[in-house]
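> based on what follows, work out the 3D shape:
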Amino acid sequence: MFGLGAPRTTPAEIVDTLNKEVNGALADPRFKARFADLGGTALALSPADFGKLIVHETEKWAKVILAGHIKPG
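Numbers count the residues shown, from 1 in each chain. Okay, the predicted model is just below:
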């Protein structure tokens, strides 16, 4: 998973502009096709939805790590 983040102190109007521009690029058919060629799936999310996705994925993989008794190498 890849995403674009910014410091919490970034003004909302800048976050909104970045989100609009990135989501615009993700909507481009050429970009989507190239991303798919690389094995990716583009998700055009709002900042709030991206935050929820990060929380969900962190919780999911934490359970896997704990259940598998995985330790850092």
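
> spatially nearest residue to residue 15, not counting backbone neighbours?
Closest residue to residue 15 apart from its sequence neighbours, by C-beta to C-beta, 6 or more residues apart in numbering: residue 47 at 5.6 Å. Any C-beta I mention is one placed from the backbone N, CA and C, and that applies to glycine too.

> report how many residues lie close to that neighbour.
Using other C-beta atoms under 10 Å, residue 47 has 16 neighbouring residues.

> for residue 23, same thing?
Residue 23 has 14 nearby residues by other C-beta under 10 Å.

> helix, strand or coil for it?
Counting by DSSP: H, G, I helix; E, B strand; the rest coil, the backbone at residue 23 sits in helix.

> in this structure it contacts residue 47, no?
No: at 10.5 Å, residue 23 does not count as touching residue 47 under the criterion of C-beta atoms under 8 Å.

> for the helix or strand of the chain with the lowest mean pLDDT, packing partners?
Scoring the helices and strands of the chain by mean pLDDT, DSSP states H and E places helix 29-37 at the bottom, with a mean of 91. Judged by 3 or more C-beta pairs under 8 Å, 6 or more residues apart in numbering; DSSP states H and E, helix 29-37 is in contact with helix 12-27.
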